[in-house]
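[1] need a structure here:
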Amino acid sequence: MLVVAALTAAGCGSSANAGEGTNDSATTGPMMVRVTLSDWQITMSRTSIPAGRRVSFIISNAGAVEHEMVLEPSGSDDQPYQLTGVDGTKFESEVESIHPGSTVSVTWQLPGKGRYQLACHVPGHFQRGMVSQFTVT
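    Numbers count the residues shown, from 1 in each chain. The predicted structure is shown next:
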C-alpha cells in the first residue's frame with residue numbers, strides 16, 4: 001500500500017501529457033489497458049491504441065518477484081520517455097517496485113503515433129523476455 005502511495009505522490013498516478021497531439025479524452029475518457037506482469041512476460045489486454053487518447057494502464061504483478069513497467073520506444077533497452085504532468089512536473093514513464101500480488105494504475109498521454117513497448121528492467125528480467133510491443137495509430 002505504501003508503494004502505491006509513493007508512486008502516486010511521484011506523479012506516476014496522475015495524468016500526463018507528452019509530445020504533441022490532440023487529447024479528446026475530455027469527452028471519451030482514458031482508454032483502459034490491463035497489463036499483467038508475470039515471471040517472465042508482460043501481457044496486455046490490447047496492442048493497438050488510438051492516437052490522441054490518454055491511456056490508463058492497470059498493472060497487476062501476477063509473478064513471484066518484484067517487477068517494474070517502463071514505457072519506451074519499440075526496440076529500446078531502458079529508455080523511458082520524459083513526460084510532463086498536468087502541473088508541469090517532469091518524470092520518466094515508468095512505474096517501479098511493483099510487488100507480487102499488487103495492482104497499480106497510471107494514466108499517461110502517449111507521445112504520438114508509432115510503435116512502443118512496455119518492459120521490465122529489473123536486472124535480468126528484460127533479457128528473460130519481459131517486453132510487450134504495441135502500436136498507437
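[2] for the closest residue to V131 other than its chain neighbours, list the residues it contacts.
    In this structure, V131 finds its nearest non-sequential neighbour in A119, 4.4 Å apart by CB to CB, 6 or more residues apart in numbering. Using the backbone N, CA and C atoms, a C-beta is placed for each residue, glycine as well. Each residue near A119 by CB atoms under 8 Å, 6 or more residues apart in numbering is listed here: I42, M69, V70, E72, S76, D77, D78, F126, M130, V131, S132.
[3] what about the strands in the chain?
    Along the chain, counting by DSSP state E, strands occupy 16-17, 31-38, 41-44, 48-49, 54-61, 67-73, 82-85, 90-92, 94-98, 103-109, 114-119, 131-136.
[4] what subset of the contacts of A119 is buried?
    Buried members of the contacts of A119, scored by 16 or more other CB atoms under 10 Å, are I42, M69, V70, E72, S76, F126, M130, V131, S132.
[5] kindly reformat those as CSV containing pLDDT and distance to S48.
    CSV is the format used below for the buried ones among the contacts of A119 (pLDDT from 0 to 100; distance: CB to CB, whole Å):
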residue, pLDDT, distance to S48
I42, 98, 16
M69, 98, 19
V70, 98, 20
E72, 97, 18
S76, 94, 19
F126, 97, 23
M130, 98, 21
V131, 98, 17
S132, 98, 13
